[in-house]
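1. quick one, structure for this:
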Amino acid sequence: MNNKNSNRTRRLERRLGDRMRAHLPLALSEFTMFTLKQGWAAIFGILLLGGLIVTGWIWQPDWVLARYDALLIYALALQALLLAADMESWREVRVILLFHLTGTAMEIFKVQAGSWGYPGGGAIKLYDVPLFSGFMYAAVGSYMARVIRLFDMRFAPYPPFWTTVLLATAIYGNFYAHHFLADIRLGLFAATVLLFARTRIWFRIGERLYWMPLPLAAFLSSFFLWLAENIGTSTKTWLYNGQASGEWVSLAKMGSWYLLLYVSFVTVTLVFREALSPVAAPARQMENARQ
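-> Residues are numbered from 1 along each chain as shown. Predicted structure coming up:
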């Protein structure tokens, strides 16, 4: 996003925030602004889920174009629209591409391992994985990149960068290795807390700064991703091994998403390194960056 559109977004946010603060109690107006900005940051994922729901309702097996192929075209069109509307920058697209590649690789492995499957047909598949599936991971990357920019986020105090890369690599590797070796996810859960226990996400709503512990943010995000997974399975876009149609996804999958979010976060920081700060309270840095 260029500076002109970034300034326009800030002016719109300021006007909306001023109007809400004039008619609502401060706490309620700030929470409303927080919710709206979160939804705006997640626009790609929200629209993608909308596509899953609508196609799940209307698609017929005898149509010429398979549903998975239509979803791929839809996801590509969404990405092109976000770029054309200057709602995403090419820098953010680099992040999204990383998510797409790592996500597709995991999808191929997990489907071949029998963890889940895609029951529908489609011409554009790779090892039984429809290529639109990579955009579901890309939606997470899009959200993370956009939310950092929209909330002017800083992560502090941030642990040594190499330790976070090592943790993310171990988590990503365990998603594969636990099929052949011992599952070390309990140790990985502990490692996320130990490594990021002091790290706060500093973010801005209007002129005010707020913070949230990073592990808490990961836990809350994993819950919403679990809800999104239930939309995917309820529309029969994919089903887990042994899962009946209409059956809720196991809450244990929240743990998988919690860990995967650290992989996602570290992937984003490969591009957005300026959001990381070793100091405990980066308020002055945030003010200087804003000027």
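
2. tell me which residues in the host helix or strand of Phe44 are buried?
-> Phe44 is part of helix 43-58 when elements are defined by DSSP states H and E. Across helix 43-58, burial judged by 16 or more other C-beta atoms under 10 Å covers Ile43, Phe44, Gly45, Leu47, Leu48, Leu49, Gly51, Leu52, Thr55, Gly56. Placement of C-beta: from N, CA and C, glycine included.

3. check these and tell me the two furthest apart.
-> Greatest spatial distance in the buried residues of helix 43-58: Ile43 and Gly56, 20.3 Å, computed using C-beta to C-beta.

4. that older thread, want to throw the buried residues of helix 43-58 into CSV with pLDDT?
-> Converted to CSV, the buried residues of helix 43-58 look like this (pLDDT from 0 to 100):
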residue, pLDDT
Ile43, 90
Phe44, 90
Gly45, 91
Leu47, 93
Leu48, 93
Leu49, 93
Gly51, 92
Leu52, 92
Thr55, 91
Gly56, 88
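
5. nearest to Arg185 among those residues?
-> Scanning these for proximity to Arg185, where the rule is C-beta to C-beta, the winner is Gly45, at 24.6 Å.

6. if we can go back for a sec, and the contacts of the helix holding Phe44?
-> Residues from elsewhere that reach helix 43-58, judged by C-beta atoms under 8 Å, 6 or more residues apart in numbering: 39, 67, 70-71, 74-75, 78-79, 82, 87-88, 135-136, 138-140, 142-143, 146, 228, 231-232, 234-237.

7. packing partners for the helix or strand that comes right after it?
-> Of the helices and strands lying after helix 43-58 in sequence (DSSP H and E), the nearest is helix 67-84. When contacts are defined as 3 or more C-beta pairs under 8 Å, 6 or more residues apart in numbering; DSSP states H and E, helix 67-84 packs onto helix 43-58, helix 90-113, strand 129-130, helix 134-150.

8. tell me the angle the second one makes with helix 134-150.
-> Relative orientation of helix 90-113 with respect to helix 134-150: 150 degrees, computed using axes from the mean of the first three to the mean of the last three C-alpha atoms, to 10 degrees.

9. give me the buried positions along helix 90-113.
-> For helix 90-113, by 16+ other C-beta under 10 Å, it's 92-93, 95-96, 98-100, 102-104, 106-108, 110-111.

10. for the residues you listed, which two are the farthest from each other?
-> Longest span within those, C-beta to C-beta: Glu92 and Val111, 27.8 Å.

11. residue ranges in this structure under the pLDDT threshold?
-> Across the chain, residues meeting the criterion (pLDDT under 70) sit at 1-14, 16-18, 20-21, 279-291.

12. what residue of it is the furthest out?
-> Of all residues in the chain, Asp62 sits farthest from the chain's C-alpha centroid, using C-alpha atoms, centre = their mean; the distance is 33.6 Å.

13. do a quick rundown of the helices in the stretch 101-250 of the chain.
-> Taking DSSP state H, counting those that start in this stretch, the helices of the stretch 101-250 of the chain run over residues 134-150, 161-177, 185-196, 214-234.

14. packed most tightly, which of those would that be?
-> Across the helices of the stretch 101-250 of the chain, averaging neighbours per residue (mean count of other C-beta atoms under 10 Å) puts helix 134-150 on top, at a mean of 24.
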